[in-house]
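Undergrad: Take a look and give me a structure for this.
(chains A and B)
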Amino acid sequence: MTTTGQVPGAEGFTPPGPGDFNLPPVFGDSVLFAKPALLLVVSAVAVFGFFFVTSRRTALVPSKAQYVGEQGYGFIRNSVARDVIGSQHFLKFVPWLVATFFFILLNNLFGIIPLIQFPTFSRSSFAYGLAVLVWLLYNGIGIWKHGLLGYLRHVTMPAGITGPILVLIIPLEFFSTVLVRPVTLALRLFANMFAGHLLLILFTLGGEYLLLNSDKVLYNSVGVLTLILAVAISFLELLVQLIQAYVFTLLTAIYIQGALAEDH
Amino acid sequence: MSRFLAAEGEEINPLVPHTAEIILAVVVFLILVWLIKKYVMPSFEQTFAARTEAIEGGLAKAEAKQAEADAALDELNKRLSEARHEAARIREDAREQGAQIIVEMREQAQEESARITSQANAQIEAQKQLVLAQLKTEVGTLATSLAGRIVGESLEDEARQRRTVERFIAELESQPSRQGS
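TA: Numbers count the residues shown, from 1 in each chain, chains lettered A, B, ... in the order given. From the prediction side, this is the model:
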């Protein structure tokens, strides 16, 4: 983990900021060899490894590992994909949704896993990447299903609305469905991870600074309290990380369902 | 490195995208989706389908067993009611037969008693005839002996004669009753 380095001899505490998210490359000179990018790749390997191992045995009465894998896969398959998209079309989107959820979840959990402690999606670019994919996916599905013009009508003209109000509705619907969705999707994930991580490093570094670099007992004890709070915030972060992974997956499913819907 | 830039006062905007990272995320994610679709999904779906089938197959089997059991129960109930009818019929028959037997027995007994009665009557009649025949002969003998006695005896006393005759009659009277019994 990076620490906000103190300029030797200088007075005071340098608060953590956005700069703490720009980690230097582990080797070479590219951002692709920095910790976040490496974590991203590691997480994909880990997610696939987990499901690959747990899905090898296809026993009717599952072993413990098979059970865990099935529960994870089945949760997204049944509670998200099937419940949202409907039992007719959901199956072909299950791999996408399963990958989305567990990929984001693991990358988020990296934020509180000791020694890793960096939520990958606090780098906005990764969130943009996923959001772009989701945008391409649901718009592609809509165009494939309704045709380009049909999809545009499907998106911009809600059923049952006629008359001059359409002048207002059409640009609004286009704006909200086609333009805003990917942005909010990406920013929601990124901002939660970014803010959470910033909060955590602020509390840990601040607590450490108060405890170690101050002569006053009062500041020292506040430092201890701050570190205790940092632990509590870690648990809060765990919750946020779970929720954000779930929300991203759920919204993806909802967008797919919206594009597939016969009448909107 | 950027951190040091930051320390020097340059603004860092975390929202600014890095094309390399976007491409990396897209590529890594698509590979993950493809891997899951290719290697994970078929296996899990196959397991789910097999499990569903096992459960539904089990249900079908249970239904078949249930139907079989129902059929067996019906059969059993049918047999039971048949057996009840049979038993009732047999009991009825037995009752009729019993009644018939009783009637027959009664007739037989009456016949027998009639037979015995008539036999007894005949026997009595025969004995009576026999006694009468004996009596006749005996009366003759007695009359002869009485006449002899009367003749032989002197007619000295009218009263004596009369007593003799009375005695004789009394003898006569007591004799057949003793013989007839």
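Undergrad: Identify, by residue count, the longest helix of chain A.
TA: The single longest helix within chain A, with elements called by DSSP state H, is helix A:217-260.
Undergrad: what mean pLDDT does that helix have?
TA: When pLDDT is averaged along helix A:217-260, the result is 94.
Undergrad: now do stretch B:114-121
TA: pLDDT averaged over stretch B:114-121 gives 93.
Undergrad: now it, how far from the centre of its chain.
TA: In terms of C-alpha atoms, centre = their mean, to the nearest Å, the centre of stretch B:114-121 is set 44 Å apart from its chain centre.
Undergrad: Buried residues of it, list them for me.
TA: By 16 or more other C-beta atoms under 10 Å in any protein chain shown, stretch B:114-121 has no buried positions at all. For the C-beta atoms, the positions are set from N, CA and C on the backbone; glycine is no exception.
Undergrad: now the helices: where do they sit in chain B?
TA: Here chain B has its helices, by DSSP H, at B:2-7, B:19-35, B:41-152, B:158-180.
Undergrad: Can you check the pLDDT for the residue nearest to A:Phe174 when sequence neighbours are not counted?
TA: Among residues not flanking A:Phe174 along the chain, A:Thr156 sits closest, at 4.9 Å (C-beta to C-beta, 6 or more residues apart in numbering or on different chains). You'll see A:Thr156 listed with a pLDDT of 87.
Undergrad: Same check on B:Leu132?
TA: Taking B:Leu132 on its own, its pLDDT is 89.
Undergrad: which ones are touching it?
TA: For B:Leu132, the contact set (C-beta atoms under 8 Å, 6 or more residues apart in numbering or on different chains) is empty.
Undergrad: Give me the distance between it and chain A.
TA: To chain A, B:Leu132 is 117 Å away according to C-beta to the nearest C-beta, to the nearest Å.
Undergrad: separation between that residue and B:Leu24?
TA: According to C-beta to C-beta, to the nearest Å, B:Leu132 and B:Leu24 sit 156 Å apart.
Undergrad: what does A:Thr58 give?
TA: For A:Thr58 relative to B:Leu24 (C-beta to C-beta), the value is 34 Å.
Undergrad: The residue nearest to A:Phe174 touches A:Phe175, doesn't it?
TA: No: counting by C-beta atoms under 8 Å, A:Thr156 stays clear of A:Phe175, with 9.4 Å between them.
Undergrad: Compare these two (neighbour count), which wins?
TA: The neighbour comparison of A:Thr156 against A:Phe175 (other C-beta atoms under 10 Å in any protein chain shown) goes to A:Thr156, with 19 against 12.
Undergrad: From the chain's centroid, how far away is stretch A:41-56?
TA: The answer for stretch A:41-56 is 18 Å, by C-alpha atoms, centre = their mean.
Undergrad: do the same with stretch B:161-179
TA: Stretch B:161-179 sits 74 Å away from the centroid of its parent chain (C-alpha atoms, centre = their mean).
Undergrad: How about stretch B:30-49?
TA: Mean-position distance between stretch B:30-49 and its chain equals 70 Å (C-alpha atoms, centre = their mean).
Undergrad: Same question for stretch B:77-86.
TA: Taking mean C-alpha positions (C-alpha atoms, centre = their mean), stretch B:77-86 and its chain are 12 Å apart.
Undergrad: what is the mean pLDDT for that stretch?
TA: In this model, stretch B:77-86 has a mean pLDDT of 95.
Undergrad: Ok, stretch A:114-123 next?
TA: 92.
Undergrad: wait, what's in contact with B:Phe44?
TA: By C-beta under 8 Å, 6+ apart, the neighbours of B:Phe44 are A:55, A:69-70, A:73-74, A:77.
Undergrad: Mind checking which of those residues are buried?
TA: By neighbour count, with 16+ other C-beta under 10 Å, those hold A:55, A:69-70, A:73-74, A:77 as buried.
Undergrad: Report the helix or strand with the lowest average pLDDT across chain B.
TA: Least confident helix or strand, chain B: helix B:2-7 with a mean of 41, by mean pLDDT, DSSP states H and E.
Undergrad: what's the spacing between B:Gln108 and chain A?
TA: According to C-beta to the nearest C-beta, B:Gln108 and chain A sit 82 Å apart.
Undergrad: wait, B:Ala54 sits on A:Ala59?
TA: No: using C-beta under 8 Å, B:Ala54 is not in contact with A:Ala59, being 11.0 Å away.
Undergrad: Can you get me a residue count around B:Phe168?
TA: When neighbours are counted by other C-beta under 10 Å, B:Phe168 registers 16.
Undergrad: check contacts around it.
TA: B:142, B:146.
Undergrad: State the pLDDT value of the spatially closest residue to A:Leu189 that is not a sequence neighbour.
TA: Excluding its sequence neighbours, the residue lying closest to A:Leu189 (C-beta to C-beta, 6+ apart) is A:Ala127, at 4.6 Å. As predicted, A:Ala127 sits at a pLDDT of 95.
Undergrad: element containing A:Ala127, please.
TA: According to DSSP states H and E, A:Ala127 maps onto helix A:124-146.
Undergrad: tilt between that helix and helix A:217-260?
TA: 20 degrees (axes from the mean of the first three to the mean of the last three C-alpha atoms, to 10 degrees).
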